[in-house]
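Colleague: Below is the sequence, then the predicted model.
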Amino acid sequence: MKKWTALLLGAILAIGLTACGDAKKDEPTAAQTPSSEEQSTEPQETPVNEEEPKESELPTVDELIEKAAQASKEMKSFALAADIEQNFVVSHGEGQEEQSINMKLDSEVTIEPLEMKQNMVMSSPEGNMEMLQYITENGIYLQMDDEWMKIPEESEGEIRSSIEGVEQSAEQQVEQFKMIAQDTEITEEGDEYVLTADVSGNNLKDLAKSIMDQAGSDPQTEAMIEQMDIKSIKIVYSVNKESYLPMRSDVDMVLTMEAEGQSVELDMKMKSTYAQHNAINKIEVPQEALDAQ
């Protein structure tokens, strides 16, 4: 179950990293020309041209998707703070077991080169765990229990694939959101546009497959997806109107899965906030990590 949970979490993180961008209000309001067909012999007063306040025009879903893809393509770096709650109910025979796992992630990411600093704190009934890792071109460094280690090159592949979704092309992002366009609405909150998608029905598994593919899924992962009965996915994503940059992302997912004679029900909630857009120039690895063996 741990392997499956990690893969699913990777998919949820990919959602958060995928939907970057904003949309402009680019349809001007047409001015109206008053009709003057009727004439009067009496002197007429010059009409007062009173302009009614214009309501801001929301972008369409397609416009927001296109703008989001472009902004994502152009963003060079960002910081991401995520709070993830996972509630499991595992049923086997007549028995049932409940478990809650909470995770807090604080990440700094640069796109070129694709590097990341991430601090993770995980709380579960078994206890708490804290891990700090640096993923760079020159190596992956991990700190646990105040001890640094360098990940062997032959073991780097799975870790690197977890952040490669950030580099996905704009075209892939557009196609992904087009899958759920009919389930999506756009609203305004202050200086942000907010995209909300309640996904249900046949689109759920297609969306999950698309996300997993971008996260670097393998045949085992794809087989797990086929076994999942995804009940619902809700995505709330907000962007700044002026800068076209992401501000927050909330993802709620409910699913069940049959595996190894057990039934697993998962309710996962992930809340993320973005900061330091294009302000992180380089991921600096501390010397004590570089000295690790």
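Modeller: Thanks, I have the structure now. Everything quoted here is computed from the prediction, not taken from an experiment.
Colleague: give me the beta-bridge partners of M131?
Modeller: Following DSSP bridges, M131 is listed with bridge partners M120, M144.
Colleague: Now do it against S263, distance only.
Modeller: From M131 across to S263, the span is 30 Å (C-beta to C-beta, to the nearest Å). Every C-beta, even on glycine, is put in place using the N, C-alpha and C of the backbone.
Colleague: Could you pull up phi and psi at E112?
Modeller: Backbone torsions for E112, taken as degrees, to the nearest 10, come to phi -130, psi 100.
Colleague: Neighbours of it, how many?
Modeller: 8 (other C-beta atoms under 10 Å).
Colleague: Excluding sequence neighbours, find me the nearest residue to it.
Modeller: K76 (6.8 Å; C-beta to C-beta, 6 or more residues apart in numbering).
Colleague: Repeat that for K282.
Modeller: Excluding the flanking residues, the one nearest K282 by C-beta to C-beta, 6+ apart is T110, at 6.8 Å.
Colleague: Relative to T273, how far out is the one you found?
Modeller: 18 Å.
Colleague: So between the two, which is more surrounded?
Modeller: The neighbour count for T110 versus T273, taken as other C-beta under 10 Å, is higher for T110 (19 against 15).
Colleague: what's across from the more buried one in the sheet?
Modeller: S77, E115.
Colleague: Against K241, how distant is it?
Modeller: T110 sits 25 Å away from K241, going by C-beta to C-beta.
Colleague: Same check on V121?
Modeller: Taking C-beta to C-beta, one finds V121 at 33 Å from K241.
Colleague: These two - which one has more neighbours?
Modeller: Each of V121 and K241 has its neighbours counted (other C-beta under 10 Å); K241 has more, 17 against 14.
Colleague: hang on, isn't that one packed against Y193?
Modeller: Yes. In this structure, K241 is within contact of Y193 by C-beta atoms under 8 Å, at 6.1 Å.
Colleague: ok so A69 is a strand residue?
Modeller: No. Per DSSP: H, G, I helix; E, B strand; the rest coil, A69 lies outside any strand segment and is helix.
Colleague: pLDDT wise, what is it at?
Modeller: At A69, the predicted lDDT confidence score is 72.
Colleague: and it, how many neighbours does it have?
Modeller: 24.
Colleague: what does E108 give?
Modeller: Neighbourhood size, E108 [other C-beta under 10 Å]: 21.
Colleague: With A81 instead?
Modeller: 15.
Colleague: ok, the residue nearest to E112 - contacts?
Modeller: 110-112, 278 (C-beta atoms under 8 Å, 6 or more residues apart in numbering).
Colleague: Can you lay out those as a markdown table showing distance to E154?
Modeller: Output for the contacts of K76, formatted as a markdown table (distance: C-beta to C-beta, whole Å):
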| residue | distance to E154 |
| --- | --- |
| T110 | 25 |
| I111 | 26 |
| E112 | 25 |
| N278 | 34 |
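Colleague: with those residues in mind, which one is nearest to D183?
Modeller: I111 (28.9 Å; C-beta to C-beta).
Colleague: so the closest one makes contact with K73?
Modeller: No. Counting by C-beta under 8 Å, I111 does not reach K73; the two are 9.4 Å apart.
Colleague: gap between the residue nearest to E112 and I235?
Modeller: In terms of C-beta to C-beta, K76 sits 24 Å off from I235.
Colleague: Can you report how many residues neighbour the residue lying closest to E153 once chain neighbours are set aside?
Modeller: The shortest distance from E153 to any non-neighbouring residue, by C-beta to C-beta, 6+ apart, is to G139 (7.9 Å). Neighbours of G139 under the rule other C-beta under 10 Å: 16.
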